[in-house]
Every structure is written in C-alpha cells, then in structure tokens.
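Visitor: what shape does this take:
(one chain, ligands or ions: 1)
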Amino acid sequence: MTLSGPISGQTALITGASRGIGKAIALNLAEAGAEVVVNYSSSQAKAQEVVDLIEKLGGKAYALKANISDENSVNGLINGVLEKSGKIDILVNNAGITKDGLLMRMKTEDWQSVINVNLTGVFLCTKAVARPMLKQKKGRIINITSVVGLMGNAGQANYASAKAGVVGLTKSSAKEFASRGITVNAVAPGFIETDMTKDLDPEPILSAIPLGFFGSPSHIAGTVKFLASDPAAEYITGQILQVDGGMVMS
Ligand code: NAP
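Guide: Numbering: from 1, shown residues only. Prediction:
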C-alpha cells in the first residue's frame, strides 16, 4: 500500500525533522502522499525512527545528514536529494536552535550561532533549492519562524532577531520567485510542546495564550500541509500564518 493525498508524488525536504515539529511535519506530509527527506544534524537514530515510522505507514522516506548553517553541507544535502529523488517540490525550513540569555550577558558566539542556524540556514537552503525549483517552474517553500520574531522576547534577542529576519526573507523571496511558480510562506508558531520548550516555566506563558492551552507539533504540521497543498494554497504567497492560540493578534 502507498499513501496518497493532496501532495501525492511530490518530494518534500524537511530540515530538522528528527524530532519535535519537524518530525510531525514529516509524518503529516508523508500521510498526504509525499516522499519525505528527513534532514538532521546529529540525531541519526531519531531521524531513522521517523523514516521507519513513515515506511510502516506505507509511505516513502529517507534520512540525510547536513548542518544547515554550513554552505557546503547544504549543497551536499540538496545534491543528495536531487540524486536520489530527481527533484525537490517542497522545502520546509524548520531546523532551529535556541541559546537564550539577556542581551547584556549574551556572548557574541551565542548570538552568532543562533543567527547562523535560524536565519543563514534558511537563506542557504532557499538559495540551494531555487535552481531546481526555477527549472521545474514550480515549488513550495515554507519557513518556520516564530511569534517571537513578530513581538520580541526578553532573553531571546538572538532568536527573535533571526526569526524576524526569516519574515523579511520570506517576503523578499516570495516577491523574487512569484513569477516562476514558486510560493514562499512562513508559519509563526506560538508555544509548542517540544524539546525546545520543555525547560521553560509554563505559567506566565499560559496566561498570555487566549485559547488557554499550549500547541502541539501537529498544529504546525497541519498548517504546513495546507500551505504545501494544491489548489488549496496555490494563490497564497509571502504570508506569515500565526498558529499561536491567539498570542499575537495583529
Ligand atoms: P527541537 O525539538 O529542538 O528540534 C530541532 C530540530 O532541528 C532537530 O531535528 C535538530 O536535529 C534540528 N537542527 C538543529 N540544528 C540543526 C542544524 N544546524 N542543521 C540541521 N538540523 C538542525 O525544536 P522544535 O521545537 O521542533 O522547533 C522546530 C522549529 O520551530 C524551529 O525553527 C523553532 O525555532 C520553531 N519554533 C518552535 C516553537 C516551539 O514552541 N517549540 C515556537 C516557535 C517556533 P538534530 O537533533 O539532529 O540536531
């Protein structure tokens, strides 16, 4: 049995898909019929678990290691997908890290490494898939930003700056690629329960969420699937979709 759905036959690369939100996106896109490439930087066993899970469900997937903040590594990743699958229809720029601290005490290396992964990584992956997508005259790029990039957050100057940068990158690349059949959108999650948020104090965050509960990775995955689907999202580009329980209403 093979899975079929609104993106059947398409190849989707998800960065940072070994756990958390990326894992949920990988499973969701596979269930919708896509062949899924599970990128990871260090969690090889977890990435393989995601592949095994998808195959057990009757879907197609494989894992590829790459550090998205390194240009050679990213080019190797995209070439790897093109060699194995012959095309890339959907790129989900999901991989991200945090290195929180108040600005006055933030080390320059903690500023830089978050910018390198969370912003430069999105730029490098977008640039590397642009050529094959431009040739295909079709593509979907979906960036995972954050509500923190829209509203700022004390203790996250590096992370908020990178995520705000992703908003600008999303809109600029959407404008550059629109005439070539490529859409670029972003999803801005609020507080989602993953490894990234497990050590945060939930109480003050919960009181800022009008819907009154934390999001799950599947909430983000469902939105990404919608943005990847035709014809549902074919007329949407340059948009930032907030999936945050109402935290930021603009
Ligand atoms: P997570 O559970 O910490 O998972 C992060 C993923 O990124 C892992 O698969 C990790 O793979 C990968 N990764 C990290 N550095 C990488 C690199 N240099 N190259 C390739 N892969 C790398 O995080 P998450 O909560 O699922 O977050 C996913 C995305 O959503 C991030 O962009 C995050 O900023 C964003 N987001 C999350 C929340 C939230 O509340 N959780 C809210 C807003 C936005 P390895 O384990 O192999 O390193």
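
Visitor: mind listing what's buried in the longest helix along the chain?
Guide: Longest helix of the chain, by residue count under DSSP state H: helix 157-177. By 16 or more other Cβ atoms under 10 Å, the buried positions in helix 157-177 come out as 157-167, 169-171, 173-174, 177. The way it works is simple: take the backbone N, C-alpha and C, and place the C-beta from them, glycine included.

Visitor: and for stretch 200-216?
Guide: Neighbour-count burial for stretch 200-216 [16+ other Cβ under 10 Å]: 209, 214-215.

Visitor: now swap in stretch 56-66 and tell me
Guide: 59-66.

Visitor: what is the most widely separated pair among those residues?
Guide: Distance extremes for these: the farthest pair is 59 and 66 at 21.4 Å, using Cβ to Cβ.

Visitor: give the phi and psi angles for the residue lying farthest from the centre of the chain, as a check.
Guide: Outermost residue of the chain with respect to the C-alpha centroid, by Cα atoms, centre = their mean, is residue 104; its distance is 29.6 Å. Dihedral angles phi and psi of residue 104 (degrees, to the nearest 10) take the values phi -60, psi -30.

Visitor: residue 156 is in contact with residue 98, isn't it?
Guide: Yes. In this structure residue 156 lies within contact range of residue 98 using Cβ atoms under 8 Å: 7.1 Å.

Visitor: OK, contacts around residue 18?
Guide: Residues in contact with residue 18 (Cβ atoms under 8 Å, 6 or more residues apart in numbering) are 38, 40, 43-44, 46-47, 50, 63.

Visitor: if we go to 10 Å?
Guide: 26, 38-51, 63, 65, 95 (Cβ atoms under 10 Å, 6 or more residues apart in numbering).

Visitor: that older thread, export the buried residues of stretch 56-66 to a markdown table and append columns for distance to residue 128.
Guide: Formatted as a markdown table, the buried residues of stretch 56-66 follow (distance: Cβ to Cβ, whole Å):
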| residue | distance to residue 128 |
| --- | --- |
| 59 | 25 |
| 60 | 22 |
| 61 | 20 |
| 62 | 18 |
| 63 | 18 |
| 64 | 13 |
| 65 | 15 |
| 66 | 10 |
